[in-house]
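**Student:** predicted model follows, preceded by the sequence.
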Amino acid sequence: MGELSKTFPVRDYNLDATLLSGQAFCWQSIGQAWEGVIGGRWVRLRLSKVGIVAEVAKPVHNWACLEHYLQLHFDLGRALATFPDDEPIQNAIAALPGLRLLRQDYWECLASFILSATKQIVQIRQMVALLSKRFGKPLESGGSEPAFAFPAIEAVAACSEAELRDCKLGFRAPNLRGAARDILDGSINWQQLPTMPSNEARAELMKLRGVGQKIADCVLLYAGGHQDVFPVDVWIERALRQLYFTKRRPSAKRLRKFADTHFGPYAGYAQQYLFDHARLHLKLK
């Protein structure tokens, strides 16, 4: 028999901070819960005293997809113990206890970050929601609103640029459509990405239109689980300069080398803490 709800015992998991942190853009805050789509299913998540409660609209026999997405079995303490013992990163940990990294679908993650160029989180959510509503598969929903899966690569590739622009994508429309078509045309080794080392996978992703190192690194971290990868965007550049280089102005190359060497084997986790702390709590110049 399948289940319509399940409680996952987990400690030190800040669900709100994690789903708000700019990793994924498919979640809506409804009251005390979050509603979104994981693995082609509508899901409602909420934090209880004993763990994370998940509710679905259709009975589930195997919850592995959800556990993988939320990374429920990841040892956060082990990762935090590898962080450098310096004030900026320790302050970020203290400000955001229980912040986690998700493990997302490769295509949805790639598409979302192609859409992220020069946009804020709320705007990226709007674009993702519009795309899903117009071109995604309708799903059975247990909430007050209809649910839709993120559109498949084939669905986006089949769209006209005008149709995508109607979803408020602007200049990102040809990049998203081009990336989908490049993947389907075999222009990159898409199926092999999950098994590639970080450098190879990054180079492969950067063959796609609209994908630079920052977007590629976000996909490696949030979809591929390359937890040593440290994506650098404008926020992180400002945060690193203000927190670690107070007496001199380092070049972009110097910042990149610092990010790649200072934070250890879980640098991607460190980046997420610094990014969120900078975005929410620091007045960056």
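**Tutor:** Ah, there it is.

**Student:** ok now the helix or strand in which A162 is found, how far from the chain's centre?
**Tutor:** In this assignment (DSSP states H and E), A162 forms part of helix 161-165. Counting by CA atoms, centre = their mean, to the nearest Å, helix 161-165 is centred 24 Å from the centre of its parent chain.

**Student:** tell me what that helix is packed against?
**Tutor:** Secondary structure elements in contact with helix 161-165, counted by 3 or more CB pairs under 8 Å, 6 or more residues apart in numbering; DSSP states H and E, are helix 121-135, helix 172-184. (Each C-beta comes from the backbone N, C-alpha and C, glycine too.)

**Student:** save those as TSV, and put in distance to Q192, mean pLDDT and mean neighbour count too.
**Tutor:** Rendered in TSV, the data for the helices and strands packed on helix 161-165 read as follows (distance: least, CB to CB, whole Å; pLDDT from 0 to 100; neighbours: other CB atoms under 10 Å):
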stretch	distance to Q192	mean pLDDT	mean neighbour count
helix 121-135	26	95	18
helix 172-184	12	97	21
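
**Student:** now render the ones you listed as TSV, adding distance to Q71.
**Tutor:** TSV is the format used below for the helices and strands packed on helix 161-165 (distance: least, CB to CB, whole Å):
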stretch	distance to Q71
helix 121-135	20
helix 172-184	25
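
**Student:** after the helix or strand bottoming out on mean pLDDT in the chain, next one along is what?
**Tutor:** Taking mean pLDDT, DSSP states H and E as the measure, the chain has helix 234-244 as its least confident helix or strand, at a mean of 89. For helix 234-244, the succeeding helix or strand toward the C-terminus, using DSSP H and E, is helix 252-262.

**Student:** ok, residues contacting that following helix?
**Tutor:** Counting contacts by CB atoms under 8 Å, 6 or more residues apart in numbering, the residues outside helix 252-262 that touch it are 84, 230, 232, 236-237, 240-241, 244-245, 250, 267, 271.

**Student:** just the buried ones from those residues?
**Tutor:** The neighbour-count test (16 or more other CB atoms under 10 Å) applied to the contacts of helix 252-262 identifies 230, 232, 236-237, 240-241, 244, 267, 271 as buried.

**Student:** I89 and L274 touch, don't they?
**Tutor:** Yes. In terms of CB atoms under 8 Å, I89 counts as a neighbour of L274; the distance is 6.6 Å.

**Student:** how much space between K58 and M1?
**Tutor:** Distance of K58 to M1, computed by CB to CB, to the nearest Å: 13 Å.

**Student:** between these two, which contacts overlap?
**Tutor:** Shared contacts of K58 and M1, defined by CB under 8 Å, 6+ apart, are not found at any residue.

**Student:** higher neighbour count, the two?
**Tutor:** K58 (11 against 4; other CB atoms under 10 Å).

**Student:** the more buried one touches R41, doesn't it?
**Tutor:** Yes. Checked against CB under 8 Å, the pair K58 and R41 is within contact range at 6.9 Å.

**Student:** and L220, what helix or strand is that in?
**Tutor:** Here L220 is assigned to helix 213-222, by DSSP H and E.

**Student:** residues touching that helix, excluding its own?
**Tutor:** By CB under 8 Å, 6+ apart, the list of residues contacting helix 213-222 from outside reads 23-24, 101-104, 106, 109-110, 113-114, 116-117, 198, 201-202, 205-206, 226-227, 229-233, 268, 271.
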